[in-house]
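Chemist: have a look; sequence and predicted model below, questions after that.
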Amino acid sequence: MVQGECKLCGAVGELKLSHFIPKFVGKWVKDSSATGFIRLNQNINKRAQDIAKDYWLCGECEQLFSGWEREFANRLFYPFVKDETDKAKYGDWLAKFCASLSWRTLSYIRSMNPRSDKLIEDSELAILNGLASFILGRTKNLGIYEQHFFPLDAIDSTNADVPENINRYFLRNMHMDVLSGGGQVMVYTKLPKFIILGLAGHSESKQMRASRVSLNGGSIFPQSYYWPKGFGEYLFGKAKEVSELYRKISPEQKALIDKTVEKNPDRVAASKTFAAFQHDLDMFGSSAFAPKDADE
Ligand SMILES: [Zn+2]
């Protein structure tokens, strides 16, 4: 049993093992992959047992998170990743879920990279406090800490110069990051088929109405979304990084993947990894073959 102070509410007691990106998301990526294994970007030459987790939350806060996670899983995540629908209504749980994800992502990135810049430190602490108040129900609204939700679809044609693994990145990758620049902070959480962006008084927030999560509920449907300046380039850059990472996979690990694929070709053909790859192939032809995906 791990004792300590809950990073969210401050209560002292037994801490639970919490996932930063919800556990069911990692499990789905694994289950729907070509080989049944995942690899994490930090350690590409090893099959991973699980995605990032740590003893951070008390039982009560963990319970709070898991209620919103269940709503998101059943009403949005599974129906969308299984291609059953591209429309859904949501309740007040989505703002809470997104705030909890942004809080987790920002906390996680800060724990990996301690900040030395005082301005960044202060603004990030303010964001964490703002999100925590909303998550714990101490404030009724998010104020300047807007949450934005972007469903991602497969793309089969484009005029832009996009990387050849873009569909695999959109449909399969998980990623946490914090983008700061020009005095603005964006908290980036990438799930398969979804992006959650946490903003804090962002200068382009007015143009981003379509993606803003309403506190009392609303609906998700195919529409055009506004990406803040530089965000598209950021996404394409991240996709490229993943494909470069997979080029560096060792020959031994490559052979291991090939062996697993040969053993179970039916699983591979039916997998979501293969389906995402197919979209890239449709768009780019055989040049899409080079990069491997983030899941096997
Ligand atoms: Zn707590």
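Modeler: Arrived safely, thanks for sending. Numbering: from 1, shown residues only.
Chemist: contact residues of this protein facing the ion?
Modeler: Within reach of the ion by CB under 5 Å from the ion, the chain has these residues: Cys6, Leu8, Cys9, Ala11, Cys58, Cys61. In this view, the C-beta of every residue, glycine as well, is placed from N, C-alpha and C.
Chemist: from those, which ones fall inside strands?
Modeler: Cys58 (DSSP state E).
Chemist: what's the closest of the residues of the chain next to the ion to Gln42?
Modeler: Nearest to Gln42 among the residues of the chain next to the ion is Leu8, at 24.4 Å by CB to CB.
Chemist: verify the contact between the closest one and Glu62 for me.
Modeler: No - contact criterion CB atoms under 8 Å: Leu8 and Glu62 do not qualify, at 9.2 Å.
Chemist: out of the residues of the chain next to the ion, which are buried?
Modeler: Among the residues of the chain next to the ion, those that count as buried by neighbour count (16 or more other CB atoms under 10 Å) are Cys6, Leu8, Cys58, Cys61.
Chemist: neighbours of Asp122, how many?
Modeler: By other CB atoms under 10 Å, 11 other residues sit near Asp122.
Chemist: pLDDT at it, what is it?
Modeler: On the pLDDT scale, Asp122 is placed at 91.
Chemist: so the nearest residue to Glu204 once chain neighbours are set aside, which of the three states?
Modeler: Spatial nearest neighbour of Glu204, excluding adjacent residues (CB to CB, 6 or more residues apart in numbering): Pro228 at 4.7 Å. Counting by DSSP: H, G, I helix; E, B strand; the rest coil, the backbone at Pro228 sits in coil.
Chemist: next one: Pro163
Modeler: Going by three-state DSSP: Pro163 is coil.
Chemist: what residues does it make contact with?
Modeler: By CB atoms under 8 Å, 6 or more residues apart in numbering, the residues touching Pro163 are Tyr169, Phe236, Ala239, Lys240, Ser243.
Chemist: who are the packing partners of the helix or strand encompassing the second one?
Modeler: Assigned by DSSP states H and E, Phe236 belongs to helix 231-247. Counting contacts by 3 or more CB pairs under 8 Å, 6 or more residues apart in numbering; DSSP states H and E, helix 231-247 is packed against helix 166-172, strand 175-181.
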